[in-house]
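[1] 3D, please:
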Amino acid sequence: MKHTKKTKVLLVPYPAQGHVTPMLKLASLLVNHGLNPIVIIPNFIKIDSKLDHVNISIMSISDGLDQDGLITSRACDFFAIENAMENYMPCQFERLIRDQEDEIVCLIVDLLASWAVEVANKCGIQVAGFWPAMLATYKLIDSIPQMLHAGIISKTGCPLHNGPIGLSLGQPTISSQDLPWLIGNSNARISRFKFWTRTMERTRNLKWLLINTFQNECHKDQITTNFDTRILQIGPLNTHVTIKNSCFWEEDFSCMNWLDKQVVNSVLYISFGSWVSPNGEAEVNSLALALEATKRPFIWVLGPSWSQGLQKGYLERISKQGKIVSWAPQMDVLQHEAVGCYLTHCGWNSTMEAIQSNKRLLCYPIAGDQFVNCAYIVQKWRIGVRIDGFGVKDLEGGLRKVMEDDGMSQRIDRLNEMTMGKVASCKAMDNLTTFLYDVRM
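    Now for the predicted structure:
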């Protein structure tokens, strides 16, 4: 009887740029271990169908988001994507697995795409979880049962008391209003809490959980779960490899020529990631006016739908001071010597890229895990300053604090070595090798 050699690993990211990018980087590392990674994405994501330079295959499955002609707006809607993942994609994914199950080593599934864990279990395929953010955020969400038991939150996830919540012993605190599911109106918050509780229920029995973070993020006694999942820290993945042509949007490289003309450490770079913006039009305009008032040179990543809401004549007024682009080659920008500070939403990938590029951070968290990341940036690592608004005083005060802190450069250097250095990279790769050895046994 002929046995087919199993070399395929199917990877299922949650369909957002901050989730797809680290999954692609994980896939590229699997190629180095003689495996054939296939990344599964919904139709609305448009990236190269085959990333030939790193031998990663991309397979799309229908998502149902284009049925009513609203694919552009709905593709960035959390609940529309949730509906697609729960009701459209599983049956198609099962057929895809059945067609090649004799060749599949395992599935690696982003926990936010927990629907795929159920499909893998149904097909009898080994499955590992992937968490693209801090272990501390995972631990916070994993502690929902304890928070319910302690009366910190209600059965719908609503905070029952105002005040700080400790992430773990000896670690930073966040406000009870900054829990990851507290986004939008009350109905949205309840729905997001249900999403998280369902996600944790589906994934608590996974044998492995690969975390896109570094070895020393938490104390050793904190690297446990409520169940028997083996946690392996394999990151930060953005330091190990560069994936070209993986961005959902076209990058505007004209900002690099503009940067070349600026003074060293003079430029403020502003980006709030791919899915979030500073809350609304009023906040955007407030930040725009504050940036103009500082007279500091800046690059601002602002999508067309948001830049259209700027005051009439604003772009002409700041044409010599600043540069506004719809999407930037972020690592190139951050590594440019002219950039002195990064105003960020504190997304995990952006945080790690800033550390890799030795940039100070001005923090304005907006949603999800960003408040946890910000707590570490400001309270524990002390490589940034948080601002709570976009008034001129907020921005100028934050910039003054972050740029005048003489010890910040040394702290960033130490954190850079701890997260990106040779020892950290070797530990991460050892953990990945351990996982692959286990899964092939």
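
[2] Confidence-wise, which helix or strand of this protein is lowest on average?
    helix 71-74 (a mean of 45; mean pLDDT, DSSP states H and E).

[3] Skipping adjacent residues, who's closest to residue 273 in space?
    Nearest non-adjacent residue to residue 273, counting by C-beta to C-beta, 6 or more residues apart in numbering: residue 347, 4.7 Å away. Using the backbone N, CA and C atoms, a C-beta is placed for each residue, glycine as well.

[4] Just confirm residue 21 contacts residue 347, I think it does.
    No. Residue 21 is beyond contact range of residue 347, at 10.6 Å (criterion: C-beta atoms under 8 Å).

[5] higher neighbour count, those two?
    Neighbour count, other C-beta atoms under 10 Å: between residue 21 and residue 347, residue 347 has more, with 26 against 21.

[6] so what's the more buried one scoring on pLDDT?
    Note on residue 347: pLDDT of 94.

[7] check contacts around it.
    18, 273, 369-370, 373 (C-beta atoms under 8 Å, 6 or more residues apart in numbering).

[8] can I see the domain layout of the protein?
    8-245+420-440, 254-419 (automatic domain parsing).

[9] For the nearest residue to residue 127 once chain neighbours are set aside, what is the enclosing helix or strand?
    Leaving aside its sequence neighbours, residue 127 sits nearest to residue 120 (C-beta to C-beta, 6+ apart; 3.9 Å). For residue 120, the host element (DSSP states H and E) is helix 115-123.

[10] Tell me the helix or strand right after that helix.
    strand 127-131.

[11] helices and strands around that following strand, which ones?
    Judged by 3 or more C-beta pairs under 8 Å, 6 or more residues apart in numbering; DSSP states H and E, strand 127-131 is in contact with strand 104-110, helix 115-123, strand 208-211.

[12] List just the one of these that sits closest to residue 310.
    strand 104-110 (34.8 Å; C-beta to C-beta).

[13] now the angle from that closest one to strand 127-131?
    Inter-element angle recorded for strand 104-110 and strand 127-131: 30 degrees (by axes from the mean of the first three to the mean of the last three C-alpha atoms, to 10 degrees).

[14] Sort out which residues of strand 104-110 are buried, please.
    Using 16 or more other C-beta atoms under 10 Å as the burial criterion, the residues of strand 104-110 that qualify are 104-110.

[15] about what we covered before: by mean pLDDT, show me the worst of the domains of the chain.
    The bottom spot among these, by mean pLDDT, belongs to domain 8-245+420-440, with a mean of 87.

[16] Helix, strand, or coil at the closest residue to residue 337 other than its chain neighbours?
    Nearest-residue entry for residue 337: residue 264, 5.0 Å, with adjacent residues in sequence omitted and distances by C-beta to C-beta, 6+ apart. Following DSSP: H, G, I helix; E, B strand; the rest coil, the label given to residue 264 is coil.

[17] Would you mind listing the residues in contact with residue 264?
    Residue 264 touches 337-338, 340, counting by C-beta under 8 Å, 6+ apart.

[18] In strands only, show me those residues.
    Per DSSP state E, strands hold the following members of the contacts of residue 264: residue 340.

[19] Show me which of the contacts of residue 264 are buried.
    338, 340.

[20] For the stretch 1-150 of the chain, just list every one of the helices.
    Assigned by DSSP state H, counting those that start in this stretch, the helices in the stretch 1-150 of the chain fall at 17-31, 71-74, 78-87, 89-100, 115-123, 135-142, 144-149.

[21] of all the ones you listed, which lies closest to residue 429?
    Once those are compared by C-beta to C-beta, helix 17-31 is nearest, at 7.8 Å.

[22] wouldn't residue 154 be in contact with residue 160 here?
    Yes. Taking C-beta under 8 Å as the definition, residue 154 is a contact partner of residue 160 at 5.8 Å.

[23] end to end, how far does stretch 121-135 reach?
    Taking C-alpha to C-alpha, to the nearest Å, stretch 121-135 runs 25 Å from one end to the other.

[24] Next: stretch 380-399.
    Start-to-end, stretch 380-399 (C-alpha to C-alpha) is 19 Å.

[25] Can you give the contact residues for it?
    Contacts of stretch 380-399 (C-beta under 8 Å, 6+ apart): 171-172, 268, 278, 283, 286-287, 289-291, 293-294, 296, 341, 355, 360-365, 374, 377-378, 401-402, 405, 407-408, 411-412, 415.

[26] Can you flag which of those residues belong to helices?
    283, 286-287, 289-291, 293-294, 355, 374, 401-402, 408, 411-412, 415 (DSSP state H).

[27] and those, which two are the farthest apart?
    By the measure C-beta to C-beta, 289 and 415 form the most distant pair in the ones in helices among the contacts of stretch 380-399, at 33.3 Å.

[28] Between the two ends of stretch 201-210, how far is it?
    Note: stretch 201-210 ends 17 Å apart using C-alpha to C-alpha.

[29] An error on my part: the question was meant for stretch 415-426.
    16 Å.

[30] So residue 193 belongs to a helix, correct?
    Yes. Assessed by three-state DSSP, residue 193 belongs to a helix.

[31] so it touches residue 184, yeah?
    No. Assessed by C-beta under 8 Å, residue 193 is found out of contact with residue 184, at 11.4 Å.

[32] Quickly note the distance from residue 350 to residue 117.
    27 Å (C-beta to C-beta, to the nearest Å).

[33] is residue 209 in a bridge, and if so with what?
    Bridge pairing for residue 209 (DSSP bridges) gives the partners residue 129, residue 231.

[34] hang on, it packs against residue 132?
    No. With contacts counted by C-beta under 8 Å, residue 209 stays clear of residue 132, the gap being 11.5 Å.

[35] more crowded one of these two?
    Neighbours were counted for residue 209 and for residue 132 using other C-beta under 10 Å; residue 132 has more, 29 against 22.
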